[in-house]
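>>> the sequence and its predicted three-dimensional model are supplied below.
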Amino acid sequence: MTSSYLSVALGPVRLANPIATASGTFGYGLEFADVLDLSSIGALFTKGLSLQPHEGNAPPRICETPSGMLNAIGLQNVGIETFLREKLPLLAAAGATVFANIWGDEEEEYVEIARALSGAPGLAGIELNISCPNVRKGGMLFGNSPEATASLVGKVRKATDAPLVVKLSPNAPDLVESARAARGAGADVLSLVNTFVGMAVDPETGAPRISFGTGGLSGPAIRPLAVRMVHQVHRALPDAPLWGIGGIETLSDVLEFMAVGASAVQVGTANFRDPGVSARLVRELDAWCAERSIAARDLIGRTP
Ligand SMILES: Cc1cc2nc3c(=O)[nH]c(=O)nc-3n(C[C@H](O)[C@H](O)[C@H](O)COP(=O)(O)O)c2cc1C
């Protein structure tokens, strides 16, 4: 939806509205085209893409938890070639604002994917997932130390002119240092947060409920943690545009994340319960802003 109240800018990224869908919770977007108009949401983030197609982990890969869920899908995806050939053109035709979420085991893989995506028609930007807790190599390891983050982001930055979003790990020892490293190395925007490492066990057998052992916790259970982290990074790096993520389900959740410094938000786990939630949040935010004659961009960072 384009409304004079809703447009926001995150560095080089211009969005018609600040509501996006989070990677891994909205497929490639096309699966949702019957439920909502893909051009009505601010942006969509694809499932994490790798150089080659990837099968992910063995089932069971998800389990429900109090106010949330654990997942260890393990980054199953069709690979970058198929995405570029079969998915992106359809997304562009549907008028979607598309960010490709990408990952690799090695730095070179991220760099190659970023090169392959550069200049792809219909792509609004790239989100580097350096924070997936559900793979044995790569993933979160790049997000766990500021040095590794800086090295990877710097190499990808050299490989592409596309707007570069870096998705940080809430499991990193020092989130602010990770954020500083990513920005210093050329990240245009930071996304926070990815899932928190968690575990659930069958009390009868003692076996983990997820075959990978641990999984990433998401949903409303993590919201106060994510809000605190967005606030902390915004206070430390007020010039860094932030995408807030973590348990967002309602308009008040959106307003909360924007108040602590998020310029836009991504809706994740809530899509599984209500696939139309993001489009509804756009409409609700528009009505809320219109009623008060206030622009969404003026809602950013009001919390002291
Ligand atoms: C099933 C599932 C798959 C996910 N896959 C990815 C992924 O491929 N890449 C990524 O960066 N984040 C992935 N995430 C993390 C989400 O994008 C989001 O950061 C996280 O779930 C927190 O938001 P939420 O509480 O609204 O779900 C995944 C989350 C879930 C639940």
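Cool, the structure landed. The structure presented is a predicted model; accordingly, all values stated were derived computationally and were not measured.

>>> interface residues of this protein facing the ligand?
22-25, 47-48, 71, 73, 75, 101, 129, 132, 167, 194-195, 218-219, 222, 245-248, 267-269 (C-beta under 6 Å from any ligand atom). Quick note: C-beta positions are derived from backbone N, CA and C, even for glycine.

>>> out of these, name the ones that lie in helices.
Among the residues of the chain next to the ligand, none falls in helices (DSSP state H).

>>> what's around the closest residue to Phe272 other than its chain neighbours, how many residues?
Nearest non-adjacent residue to Phe272, counting by C-beta to C-beta, 6 or more residues apart in numbering: Thr25, 6.7 Å away. Neighbours of Thr25 under the rule other C-beta atoms under 10 Å: 20.

>>> then Gly186?
16.

>>> would you agree it is in contact with Ser151?
No. The pair Gly186 / Ser151 is not scored as a contact, 11.6 Å apart, by C-beta atoms under 8 Å.

>>> so who does the residue nearest to Phe272 touch?
Val267, Gly268, Thr269, Asn271, Phe272 (C-beta atoms under 8 Å, 6 or more residues apart in numbering).

>>> now the protein against the ligand: closest residue?
Nearest residue of the chain to the ligand: Gly24, at 1.9 Å (C-beta to the nearest ligand atom).

>>> so who does that residue touch?
Taking C-beta under 8 Å, 6+ apart, one finds Lys47, Gly48, Asn71, Ile73, Asn101, Gly268 in contact with Gly24.

>>> phi first, then psi, for the closest residue to the third one other than its chain neighbours.
Closest residue to Asn71 apart from its sequence neighbours, by C-beta to C-beta, 6+ apart: Ile62 at 4.7 Å. Dihedral pair for Ile62: phi -140, psi 150, per degrees, to the nearest 10.

>>> what's the answer for Gly247, then?
Main-chain torsions, Gly247, degrees, to the nearest 10: phi 70, psi 20.

>>> shouldn't it be in contact with Ser218?
Yes. Counting by C-beta under 8 Å, Ser218 is a contact partner of Gly247 at 7.1 Å.

>>> name the residue in these two with the higher neighbour count.
Ser218 (29 against 23).

>>> Glu291 versus the more buried one, what's the distance?
Counting by C-beta to C-beta, to the nearest Å, the separation of Ser218 from Glu291 is 31 Å.
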